[in-house]
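Asker: need the 3D shape of this:
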Amino acid sequence: MAQPMASPPAEATAPSPAAPSSAAAQAFEAPAVRRKRASRRADVRRDLAALCRYAALAVRAKQPLPAALRSIVPELVSPLARKVVLDVAVRMEAGSSLSAAFEVHPEVFDAFFVGTVRAGERSGDLGRAFGLLCEWIEDTEDVMERVRNALFYPLTVAAVSGLVLLFLCLTVVPTFADVYAGFGVRLPLPTRIVFGLSWLLLSGAVVWIPALGAVAALAWVARRTMPAKVGEWAARLPLFGPLLEAAALSRFAGTARLLLESGVPAVEALRLAAGVAGPVFGPAALGIAGEVERGAGLAKSLRASGRFPLLFGWLVESSEGAGRLEAGLGDAAQTYGDRARSLGRAIPTVLEPLFLVAISVLVGLIVIGMFMPMFVMGSLASG
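Answerer: Got it, this is the predicted structure:
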């Protein structure tokens, strides 16, 4: 697709329009790759949605894309996105295709994004490709925001509750223990249990603090080295397992649908979609892509994999036979996206009363254990 040349505005400070060398490209990429990606991912995703929406309008209005990209740079939130989009505009002015310019920056534009844009360039319908990308980013971000919110509440409550209980056991309980030690009387069993727990936390800190660190380190190593196994364990968790499974299936089906609608061949679309399917479904999706490449049907391969739910396979099969595979994948994405949103709303509602009851019981037991000797000694003195 030929792109009109556009002179950069006077105020924009950008590299020379000459084609950048490989070394220069690596020097540009290295700082961005080293950024703390987790803290900026949400801003980058929002910027990608805005970029796709604006680029779709520019293509449909037959505006030069390099100039359009330069004009949206000030509207982007992420410094990384601003820097990368400006570099993409410079590369296009130097003669690069849009997909090739995106491909230089995998820290922002993943293989799925680049593949969709490249398919749009080949089909001559780049505006539709950008429109589909914008829709996909917004839908997946909505689902993942539900997942993050559902996980954030219980984890936050559990952390705060643990800190409160730790504070009571390490500061308040030892004070009562010192007071009761001077009475020289046998303390009630609940009190001895509370004081014993406090003593273990204080005297055993040299053991349990390193132990917690070791557990955290092992969890991190397992997540890096055995993502599929960790994903299977997470899928078995009550409430959270179905939520994570629904989110992964929604992303996979939605990504495959978008790629097929953009003109990407089915095998390549499945392989690209496997990259967003998570550690449980991703390897299975790659195997299914191989089966489809050898001539098998998608629905049959889904059933044979043993990984995908029967409903997912049925939704695909009901449309594959009629030659409407994209529609079946879209239905699957919608079905599992709605399930993830529903679970994301339900989990905090279910866990909130459970956490409140558990915290109240634990704090109540500690308070009873600390004050019970007073009641016992008071009754003995009055008797």
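
Asker: excluding its own residues, what touches stretch 118-135? List them.
Answerer: Taking Cβ atoms under 8 Å, 6 or more residues apart in numbering as the criterion, the residues outside stretch 118-135 that touch it are 1, 48-49, 52-53, 55-56, 59-60, 97-99, 113, 116-117, 258-259, 261-264. Bear in mind the C-beta positions are built from the backbone N, C-alpha and C, glycine included.

Asker: how does the chain divide into domains?
Answerer: When the chain is parsed with automatic domain parsing, its domains come out as 22-109, 142-383.

Asker: now mean pLDDT and distance to residue 129 too, for these, in JSON lines please.
Answerer: Compiled in JSON lines, the domains of the chain are given as follows (pLDDT from 0 to 100; distance: least, Cβ to Cβ, whole Å):
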{"stretch": "domain 22-109", "mean pLDDT": "79", "distance to residue 129": "8"}
{"stretch": "domain 142-383", "mean pLDDT": "82", "distance to residue 129": "5"}
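
Asker: make CSV from those and add mean neighbour count and distance to residue 130 to it.
Answerer: Formatted as CSV, the entries for those read as follows, by neighbours: other Cβ atoms under 10 Å; distance: least, Cβ to Cβ, whole Å:
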stretch, mean neighbour count, distance to residue 130
domain 22-109, 18, 4
domain 142-383, 16, 10
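
Asker: for the ones you listed, give me JSON lines that also has distance to residue 135.
Answerer: What follows is those, written out as JSON lines (distance: least, Cβ to Cβ, whole Å):
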{"stretch": "domain 22-109", "distance to residue 135": "9"}
{"stretch": "domain 142-383", "distance to residue 135": "8"}
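
Asker: from the contact counts, what lies against the helix or strand where residue 218 lies?
Answerer: Take DSSP states H and E as the rule and residue 218 turns out to sit in helix 205-225. Where contact means 3 or more Cβ pairs under 8 Å, 6 or more residues apart in numbering; DSSP states H and E, helix 205-225 is packed against helix 227-235.

Asker: let me see the contact set for the residue nearest to the spatial centre of the chain.
Answerer: With distances taken as Cα atoms, centre = their mean, the residue of the chain nearest its centroid is residue 144 (6.0 Å). Taking Cβ under 8 Å, 6+ apart, we find residue 144 in contact with residue 247.

Asker: is residue 237 in a helix, a strand, or coil?
Answerer: Of the three states, residue 237 takes coil under DSSP: H, G, I helix; E, B strand; the rest coil.

Asker: and for residue 95?
Answerer: Counting by three-state DSSP, the backbone at residue 95 sits in coil.

Asker: which of the contacts of stretch 118-135 fall in helices?
Answerer: 48-49, 52-53, 55-56, 59-60, 98-99, 113, 116-117, 258-259, 261 (DSSP state H).

Asker: the residues you listed: which two are farthest apart?
Answerer: Taking Cβ to Cβ, the two most distant members of the ones in helices among the contacts of stretch 118-135 are 60 and 259; they sit 20.9 Å apart.

Asker: using CSV, write out every CA atom in the helix holding residue 218.
Answerer: In CSV, the C-alpha atoms belonging to helix 205-225 read as follows (Å, rounded to 0.1, in the frame of the first residue of the first chain):
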residue,chain,number,x,y,z
ALA,A,205,10.8,-14.9,63.1
VAL,A,206,14.3,-16.1,62.0
VAL,A,207,12.6,-19.2,60.7
TRP,A,208,9.2,-18.2,59.2
ILE,A,209,10.4,-15.0,57.5
PRO,A,210,13.0,-16.8,55.4
ALA,A,211,10.5,-19.6,54.9
LEU,A,212,8.0,-17.2,53.4
GLY,A,213,10.7,-15.8,51.2
ALA,A,214,11.6,-19.3,50.0
VAL,A,215,8.0,-20.1,49.2
ALA,A,216,7.7,-16.8,47.2
ALA,A,217,10.9,-17.6,45.3
LEU,A,218,9.7,-21.1,44.5
ALA,A,219,6.4,-19.7,43.3
TRP,A,220,8.2,-17.3,41.1
VAL,A,221,10.5,-19.9,39.7
ALA,A,222,7.6,-22.3,39.1
ARG,A,223,5.6,-19.6,37.2
ARG,A,224,8.6,-19.0,35.0
THR,A,225,9.7,-22.6,34.3
